[in-house]
Each structure stands twice: as C-alpha cells, then as structure tokens.
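Colleague: Here's my sequence, what's the structure:
(chains A and B)
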Amino acid sequence: MNVLKIATAGSVDDGKSTLIGRLLYDTKSLTDDKLEAIEEKSKQRGFDYLDFSLATDGLVAEREQGITIDVAHIYFSTRKKSFIIADTPGHIEYTRNMVTGASTAQASIVLIDARNGVVEQTYRHFFINNLLRIKDVVIAINKMDLVDFSEEKYNIIKGEIEYLASKSEYKNQNLTFIPLSALKGDNVVTTSENMPWYKGETLLHHLERLDAEDVQEETQARFPVQTVIRPKTSTYHDFRGYAGKIYGGDFKVGDKIAVLPSQTKSTIKSIHFFNEEFVRAKNGSSVTITLEDNVNVSRGDMLVKINEEPTITKQLNATICWMDSAPLQASQKYYIKHGVNDAQAKITQLNTIIKTDFSGKIENPSALELNQIGDIQLKLSKPLLVDAYNENKSNGSFILINPKTNNTVGVGFIR
Amino acid sequence: MSQKTIQVDALESEAIFIFREVVAQFEKPVLLFSGGKDSITLVRLAQKAFFPAKIPFPLMHIDTGHNFPETIEFRDRLTQELGVELIVRNVQDNIDNGTVKEETGRYASRNMLQTETLLDAIEEFGFDACIGGARRDEEKARAKERIFSVRDDFGQWDEKNQRPEVFDMLNGKIDLGQNVRVFPISNWTELDVWSYIEKENIEIPSIYFAHKRQTFLRDGLIWSADDAVVFRDKEEKVEERMVRFRTVGDMSCTAAVLSHAVDIAKVVEEIRDSSISERGARIDDKRSEAAMEKRKQQGYF
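Modeller: Numbering: from 1, shown residues only, chains lettered A, B, ... in the order given. Sure, this is the predicted structure:
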C-alpha cells in the first residue's frame, strides 16, 4: 500500500485531464462502465474524441464551464506501482486548490503546451513546486503532434525552464523533460515513433521508477504528540503512551530523548503499533511511544533526540501563500496551526510580495491578496517547536485560520 | 520483543493520524457504521489508533430497514466483541412520522431517505464529527472531497468553496451547529481495502463471498429475489445464481455480481482483474450524472 502521490499543474487547456485520461486508458485502469460513460457523454456533447475531463471534473459547475475548480484525486496502478494523481486547477483564481493538491505530492508534472511555450501560469506553477520543494518535477511538453514533433521547439522550452530553475532558491530538484502528446499517446505509456530524437523514458516509466521514500529529504527525528493514551484497564493500568506520527528521521528503543518545550530528558522504553512492539520506527509511521520516566507530556509537545533540537520560538519568519478572498493584513490576529499544535498569531510585518515569475519582490506592500505569495513576520502567543521548511517539510510548515470564519486562509513555510 | 523495524505503510499511518486528530479536535465524534467492508476497515484502524485503550467514540448505524440480515447480525456481534456503544437510528421512524416519503415503483430505494435520519441523529446527539468510510476512488464527486469536510447545520456540502487542506494539517474549527464529515480512508482504493482486510485477517459479512442466491436480471444487473423489498415485475424471471456483493448498501439499490470468490484471496484476485467499477452495481448512482454530488449537497454522507 505504498503509493506515489503526484500533482499535475498546467495552464488551462494544456491538457491535464487528457493526460490523466491517457494514463488511465493506456494502463487499462479505467473500468468498462466508466469508459462507457465517457464515450456516451463525449458523443452527447458532439466531440469526436474521448473527453477524459468528464471523468475527472466531478462537479456540475466544472462540467458546465469545462474547467477544473477543485482538486480531484485519481487512482491508478500498474503491476509495479500504485499512484494517486491530484488533478489540480489551472486557473489563477483556483491557485489555492492547486496548492492543496500539490502539498502532499512527492512528485509533480508541469504541463506546457508546446505551441505556446512557457506562459505566465507556467512560471507560477513552477514557482509553487519549488516553494513546496517537490523534489522530482517532470516538465511534460504536451501537444508535440501540433508542432510537427519539433525537437527545436522542445529545446527552446527546455532552455527556458532550465533558466528559471537557475534562478530558484531550491537547488536539490530533479527536473525531467518529456516531449509528449497526451491526446495521441506519444511518450505517455508507450515510446513515440514520431520523436526518434528523444532518448529518454516515457512518462509512466519515469513515474514507476520514482520511490516515494527516495524523494524525501533526510531530516532529524521529530515526534509531535497527538494524543496521550491511558487505557486505565486492569491489563494496562499503568500504560501511558504518546501517540503520534513521526515527522522525520527515526526513533529506537533506548534513544535518549528530550520532551519539548519542557526540556525534560528521558529514554524511549517501547514503541507500539497496535498489538505489536517494534525496536525502531521510521519517518511517517503512526506509532505509540512509552518513556522510562513518568514525565509530563501532552498534545502539542514534541519528542526529539538530544542534540537534535528544533528551534523553540515565539517569532517566525515565513513565506506565505494567501488563500482567502479577504486579504492578509498586518496587525490582524489569526490562529496558527503548526502540525498538531496551535497558538494565536499576530502578523507583525508584511515584508514583501514575491513575484512568481522569479523577477523579484515588491517591498512593504499594504496587503497580501488571494493567491499572492509573500514574506511575513509573526508573533506567537506561545512558543512553537519549529524547523525551517527546507530542513523538515512537516515541521516547517503551518496554516493560518481566520478566527471569525474558521477558514484556512494561508499556508506558511518557515524560513 | 521482536527485533524489528516498523515499515511505513503510508495509507494506514495516514488514516491512524486522522483518527487521532478527530479525537483531539472534537468533543463528540461518531463513527458511521454500515456493516460494509469500508466501515469495518475503519473500525480496525480506530482500534489501532487508540490501542491498548478502547475506541473512544460510539458507532452509529443508520438502518434503512432494508439491510441484508447477514450484515445486521455481523454488526451486532462486532460491536459486542469490541465493547463499543452502538447507536441505531431507523429510516422507518422518519417514514412513520412523515418527515420523509417512501419511494415507490421500479427503482424505489431507501438510500436517499437515510440523509434525513442521519441529520436528525447528528442533531439529537450533538455530534460534531462523523467519521465515514467514503473513498475518493468510488465516484467523481467523492474524488473532490476533503478529509475534513465541513457541513452546515442543514448538512450541506459547499463543494465549490471547500477549505484548502494542505500537508497533513487538518482544520477542525467549526461554528456551533456545523459538523465535520471525516474520511480517514479517502486515499484508499477498493483494492487497498480488500488487500488490507486480507493482510489483517479481518472478518467480514458472508454476503461479500460467493454464494447461491435467488436472483433476477434488470438493466443488465443482478438483483436479489430473496427479499420482498427489492421491486420485481412478475415477468422478471427468478433464477439461482452464484453471486457475491461488492458493496453492501440498501438492498433495494445494491446489485450482486457473478462470482466464484469464496475467500478473501479470491476476492482480491477478482477485484484486481475486474473491468467494472465498484459503484457500477449501485443503481442510485446512475440516476443522473451528478447523483452523488446532489445527495452530498443535501447532507448524504
């Protein structure tokens, strides 16, 4: 059940839905009844091709307008691997939904229409991939059939993206360029005979080779406590376990640990997963840990290894992507949710708006609007235990919640 | 103690994390239990999330009165074994008090009527989080669903204005009267669920395995003729067939499939090779292209 999560990004009509449809179709992942429904609807709408967006655009409003508004999660598998693709919207006004889909992805596909080349939305999507630090990014140069499978066209687009990548802060990215035609199936699942100049893999082969665990960066061990388990039954009368998901690195029985923020020291006594005990638990595992000493631990506290401590701070510098129609304003108060912990937060300063075409920053803006990205400073009502996002994704990100509407209004990346 | 490392099983760890968030963030959660394979899987995951403590919330079954008897028997036994509270609310009560009207005719089903009973029960108990076994691979409107999906006090889903859900941070803040539908196995596929049931050796109701049943054909689907709640024309001929059920919904809208899968391993094999989707046998999804979306807007889980 280990799956690779992939996000797609691309401007409107770059063919995201068609690409996903092609992947499903060529890997025989579409069941007969779903395929029949697509055939029937396509015919009904007068199309002479199969409109795969009918399968992914699940909302009435999407099908009415022929656009993707919110993320759809699409599942398919080959004999080698299982995949979840987040089909994200291309329109600028639904950028927040694109971020929603991409935030959990281990790999990303950015589609570019070969006829149009790199456009403003490509910059934006490429930028967000880099901001999220998605390690493996495929640049799928689509609709190659409409540019006579031109190697020259491909090279121009490749050069532009490489130039963008050179301006990004994120240097650890693997970029893969694949020229393809989603509609005709060139280089999606089967190698194209129309582009003998392309010596690389098909998209599916590339994705099959990626390993969900390999694309993660190495991080220090973090165990935020979600809840305390105290059964108080006759069999487990004195059991006091700390339940949570490991946010990086690993923990072993016998590890010397510190409980933060109290800084109490103890040793890991046991690691439980249901009715089994383990000696070692790795990043991502939802386990229950017991300690040798009877220390005070509650939700929001964090177990870490001694000498591998995160920053304990009541002030944050962060890059933020704003997701609400009411703009972010300095001196506003929000809830901050950092992993399983929360606090109140006040925006003390809005430093800059970052231009997503890598052309620089706007200094001292008055507000950050929906879908804009900027650098801010925050003051917190209590200390949080944080890492920089580029050191640890899970422990370096947070969301802001508007206390009046309870809506999630922004996602932050700690600097 | 065994000298071993726990390998990350991503979907299982994700689901357990979600269960723990529900208990930490809400006052009165409940697990919506239909007796089907998905909610049975949820129960196992809930056990794992809080072990060695008991599951810290009740199970609730919205009983249409048209359930397969095998499922009801299974439901009662499982909850007794686990020592958890089982709440049952009956669609029949809403029919009797006139708040919903029973459908009639060829496609009559009580599936839609469940919504009213569910919303009544949420209000009666003041549940603020209802955990359900819906999966995004089931249906295209479900593919759009968040893991924490906010519903207003009419149970309505505002599908065009969902909260962004980034990384694994789940925002459970709601206004009084609202509730959150929680879907811990959102990212699982039907095959994942079956593989998990096989791996964990979880018991499931017998109707999931191939058995001989009196059946008839309608609209290319196989219907159970064993029970009077399934509408049947006189000319629809009853025959014995070897069948099993892929989903366990209301009998009136759940069709069977021809099968020889008599154990879990065979079921997994059959699902892997199947060319029909799970919901292909659910007639209520075929009412219109947006059947599920419409039901969800009205508060269906």
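Colleague: hey, what's residue A:268 bridged with?
Modeller: On the basis of DSSP bridges, residue A:268 is bridged to residue A:291.
Colleague: I figured it hits residue A:255, correct?
Modeller: Yes. With contacts counted by Cβ atoms under 8 Å, residue A:268 reaches residue A:255, the gap being 4.7 Å. No exception for glycine: its C-beta is placed from N, CA and C like everyone else's.
Colleague: Neighbour count: those two, which is higher?
Modeller: Neighbours were counted for residue A:268 and for residue A:255 using other Cβ atoms under 10 Å in any protein chain shown; residue A:268 has more, 23 against 18.
Colleague: the helices in the chain, which residues?
Modeller: Assuming you mean chain A. Applying DSSP state H to chain A gives helices spanning A:16-26, A:32-44, A:53-56, A:60-65, A:95-103, A:120-131, A:151-167, A:203-209.
Colleague: switch to chain B, that's the one I care about
Modeller: Along chain B, counting by DSSP H, helices occupy B:10-25, B:37-50, B:69-82, B:91-96, B:114-125, B:190-200, B:264-273, B:291-297.
Colleague: and stretch A:93-109, how far apart are its ends?
Modeller: With Cα to Cα, to the nearest Å as the measure, stretch A:93-109 spans 20 Å from end to end.
Colleague: on that earlier part again, export the helices of chain B to a markdown table and append columns for distance to residue B:171, mean pLDDT and mean neighbour count.
Modeller: Shown next, in a markdown table, are these (distance: least, Cβ to Cβ, whole Å; pLDDT from 0 to 100; neighbours: other Cβ atoms under 10 Å in any protein chain shown):
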| stretch | distance to residue B:171 | mean pLDDT | mean neighbour count |
| --- | --- | --- | --- |
| helix B:10-25 | 9 | 97 | 23 |
| helix B:37-50 | 19 | 97 | 23 |
| helix B:69-82 | 30 | 93 | 16 |
| helix B:91-96 | 32 | 92 | 18 |
| helix B:114-125 | 20 | 94 | 19 |
| helix B:190-200 | 26 | 95 | 19 |
| helix B:264-273 | 34 | 92 | 15 |
| helix B:291-297 | 20 | 76 | 20 |
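Colleague: With adjacent residues omitted, what lies nearest to the closest residue to chain B within chain A?
Modeller: Of chain A, the residue with the smallest distance to chain B, taken as Cβ to the nearest Cβ, is residue A:58 at 3.3 Å. Spatial nearest neighbour of residue A:58, chain neighbours left out: residue B:140 (3.3 Å); criterion: Cβ to Cβ, 6 or more residues apart in numbering or on different chains.
Colleague: Tally up the residues packed near that neighbour, please.
Modeller: Counted with other Cβ under 10 Å, residue B:140 comes out at 26.
Colleague: so what pLDDT did it get?
Modeller: Listed pLDDT for residue B:140 reads 84.
Colleague: can you check the one 3 residues further on too?
Modeller: Taken from the predicted model, the pLDDT recorded for residue B:143 is 86.
Colleague: how many other residues sit next to residue 107?
Modeller: Using chain A. 23.
Colleague: ah, no, chain B please
Modeller: Using other Cβ under 10 Å as the criterion, the residues surrounding residue B:107 number 15.
Colleague: isn't it right up against residue B:231?
Modeller: Yes. Look at residue B:107 against residue B:231 with Cβ under 8 Å: they come within range, at 7.5 Å.
Colleague: list the contacts for the residue nearest to residue A:58?
Modeller: Residues in contact with residue B:140 (Cβ atoms under 8 Å, 6 or more residues apart in numbering or on different chains) are A:55-58, A:72, B:292.
Colleague: biggest separation within these, which pair?
Modeller: A:56 and B:292 (14.7 Å; Cβ to Cβ).
Colleague: Can I get stretch A:325-339 in CSV, CA atoms only?
Modeller: The C-alpha coordinates for stretch A:325-339 follow below in CSV (Å, rounded to 0.1, in the frame of the first residue of the first chain):
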residue,chain,number,x,y,z
SER,A,325,-10.6,36.3,-0.5
ALA,A,326,-10.2,38.7,2.4
PRO,A,327,-6.6,39.9,2.1
LEU,A,328,-3.9,39.3,4.8
GLN,A,329,-3.2,42.5,6.7
ALA,A,330,-0.5,43.3,9.1
SER,A,331,-1.7,43.6,12.8
GLN,A,332,-4.5,41.0,12.2
LYS,A,333,-4.8,38.1,14.6
TYR,A,334,-5.1,34.5,13.4
TYR,A,335,-4.9,31.0,14.7
ILE,A,336,-1.7,29.3,13.7
LYS,A,337,-1.8,25.5,13.3
HIS,A,338,1.7,24.0,13.2
GLY,A,339,1.4,20.2,12.8
